[in-house]
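# Below are the sequence and a predicted model for it; my questions follow.
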Amino acid sequence: MRRSHLYRRGLSFLLVAPSFLMAQDSSSVFRSDVRLKEVNLIASTKDGPVLDLTRDDFEIYEDGKRREIKLFLPQGPEPVSFRTVSSSPVVANTPAVTGAHTVILLDWLNTDLPDRAYASQKLTRMLSTVQPNDLVAIYVIERGLRVVHDFSSDPAILAEAVRRMRGNADTPPDLGAFGPATRATEEIARLDLRTRAAITQASLKQIQQRMAGIPGRKNLIWLSSRFGENWSPQTPGLAVYPVDSRGLTSGNPLDLAQSKAVPSLIAAAIQRADEKKIQQLSKEASLTGGHAYTGRNDLDAVMREILDDGATSYTLGYTVPEAPKPGKHTIRVRVARKGVTLRYADSFTVEKPTPPEDTAKRMGEAFTRPLDITELPIAGSARPIGDSVRLNIQVPTSLITLTPLGEGWQVRLDLAVRFIAPDDVGTGAAQYLLQTMNLPLAGDAYQKALTDGLSITAALSRPPTANSLRLLVRDVVTGVLGTLTLSIE
């Protein structure tokens, strides 16, 4: 298998002069040095959800400082039009639909075989209740993250995807058969648990980056029988609903601890960690705006409750003129109406800037993961012309950094492409073509870019066997990036 490489200056990657295309009219245009922070919340009383609140009913505070609400987006349970496959030649990395988006994550890596079978059956039953306003994606963690099916509201399509998955299910790594309970075997077991935790955290991060650019309510239903000792709600923008796939349990909460293949000391340690996490799940889930479910056999009803829970919500947005400092920041939302309870993520964490030496690594990882990244929403199309491809890329100017340049402004973007062949093995197609673009904007071109967005056209030499490509666009100043997978057949 040939290893992919990252090439500077793009080889056969020819950049054509940028042009500006008309996009949808926007009533709000923000300067690129102003960041919009969104907070999604659910409002309810003892009688159920509250659907008639207005912008004036809310006040929002960040780190104790009141912010002006610039965006107010109520989300009701009304049906929406959803296209699983777009007929337009222009494809976006974010769904062109409004409504709550829910990822059902089947954590097979940390779920025992009997619990997997039971959870799959309950999932299939729940999918028969999917409605037009339920936007559902199904992912699975095995040795890594895999897409069963991306967002759809078609119950038949989703159920068929689960059926195919059950027929081709991968078996996650086991703790292995150990001999005597020696220190060496215990260290191996601990290493394996750390590996599981690392894979799980990486998968959650990929899902968060997949959902980052999708507006409105974003739910994660996390089906697992072992959430691990090191899980923390590091999924900004996602309301996490951990669901214990074991249902009702009695005595030892881990079937694994009953196995003679695992030394008793290790099994006892795993059991204590699991019991501790069950006690913490509700608190940790609430930090994200979600809720934990344990001790229930009706997993289909649980998943249906979660879909209904996120069907009505409010999204509030406020602008922050300065970049927030790295670290934890608190959010507080007040509502004027008495008797109304709000549920939302009451804090967020800003990570330290990525060191320059990690940039190439992150871009390389973005090409190989199964999900597109929507931190930077982008759209585009790829049209084959002979042995080349004409690529059109559309980027919202309000989400990228403009820096002063003379009497105008400048945009600095990394643009990279990875061609993909059907087998993606030994064809030479899996190569990265990279070029850093410095685009000057002044006068009318600057004003037009602010309102219409930025469009870039590129001509690329196409490897003979390539039938698709993954596009990556990265803001050089902030490091924020987006990826988009396009068919070129």
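Now that the structure is in, tell me what you want to look at.

# CA only for contacts and neighbour counts going forward, please
OK.

# For stretch 100-116, give the mean pLDDT please.
For stretch 100-116, mean pLDDT rounds to 90.

# So which bits of it are buried?
Neighbour-count burial for stretch 100-116 flags 100-112, 115-116 (criterion: 16 or more other Cα atoms under 10 Å).

# what does stretch 332-345 give?
For stretch 332-345, by 16+ other Cα under 10 Å, it's R332, V333, V335, V340, L342, R343, Y344, A345.

# Need the single longest strand in the protein, by residues.
strand 408-420 (DSSP state E).

# Give me the subset of the buried residues of stretch 332-345 lying in strands.
When the buried residues of stretch 332-345 are checked against strands (DSSP E), the matches are R332, V333, V335, L342, R343, Y344.

# Redo those as a markdown table? Include pLDDT and distance to G380.
Shown next, in a markdown table, are those (pLDDT from 0 to 100; distance: Cα to Cα, whole Å):
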| residue | pLDDT | distance to G380 |
| --- | --- | --- |
| R332 | 96 | 38 |
| V333 | 97 | 37 |
| V335 | 96 | 41 |
| L342 | 94 | 38 |
| R343 | 92 | 36 |
| Y344 | 91 | 34 |
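
# could those be laid out in CSV, adding distance to D475?
Formatted as CSV, these follow (distance: Cα to Cα, whole Å):
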residue, distance to D475
R332, 30
V333, 31
V335, 37
L342, 35
R343, 33
Y344, 29
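
# Which one of those residues is nearest to A366?
Minimum distance to A366 across these is 29.2 Å, recorded for Y344 (Cα to Cα).

# Roughly how far does the closest one sit from T315?
10 Å (Cα to Cα, to the nearest Å).

# any shared contact partners between the two?
Shared contacts of Y344 and T315 (Cα atoms under 8 Å, 6 or more residues apart in numbering): V39, N40, L41.

# number of nearby residues for the second one?
Other residues within reach of N40, judged by other Cα atoms under 10 Å, total 24.

# Likewise for F151?
By other Cα under 10 Å, 18 other residues sit near F151.

# cool, D57 as well?
Residues contacting D57 under the criterion other Cα under 10 Å number 11.

# correct me, but it touches K338?
No: distance between D57 and K338: 10.6 Å, which falls outside the contact criterion (Cα atoms under 8 Å).

# quick revisit: now, which of the ones in strands among the buried residues of stretch 332-345 sits nearest D423?
Y344 (43.6 Å).

# Could you pull up the residues touching that closest one?
V39, N40, L41, I42, S286, L287, T288, G289, G290.

# in the stretch 301-450 of the chain, which spans are strands?
313-320, 327-335, 341-344, 347-350, 379-385, 388-395, 402-405, 408-420, 432-441 (DSSP state E, counting those that start in this stretch).

# weakest of those in terms of mean pLDDT?
Looking at the strands of the stretch 301-450 of the chain, the bottom one is strand 432-441 with a mean of 76.

# Just want the angle from it to strand 408-420.
160 degrees (axes from the mean of the first three to the mean of the last three Cα atoms, to 10 degrees).

# Give the pairing partners of strand 432-441; include direction for each.
Here strand 432-441 has these sheet partners by DSSP bridges: strand 6-7 (parallel), strand 408-420 (antiparallel).

# deepest of these, which one?
Looking across the strands paired with strand 432-441 with neighbours counted as mean count of other Cα atoms under 10 Å, the highest average goes to strand 408-420: a mean of 21.

# How far does that one sit from its chain's centre?
Offset of strand 408-420 from its chain centre (Cα atoms, centre = their mean, to the nearest Å): 22 Å.

# contacts for that strand?
Outside strand 408-420, the residues that reach it (Cα under 8 Å, 6+ apart) are 10, 367, 400-404, 429-443, 446, 462-463, 466-477.

# redo that, cut-off 7 Å
367, 401-404, 429-443, 466-476 (Cα atoms under 7 Å, 6 or more residues apart in numbering).

# that older thread, for Q208, state which of the buried residues of stretch 100-116 is nearest.
V103 (10.2 Å).

# bridging residues for the closest one?
With DSSP bridges as the rule, V103 is bridged to A137, L220.

# can I assume it is in contact with I138?
Yes: taking contacts as Cα atoms under 7 Å, V103 lies within contact range of I138: 5.8 Å.

# Right, I'll call it a day here.
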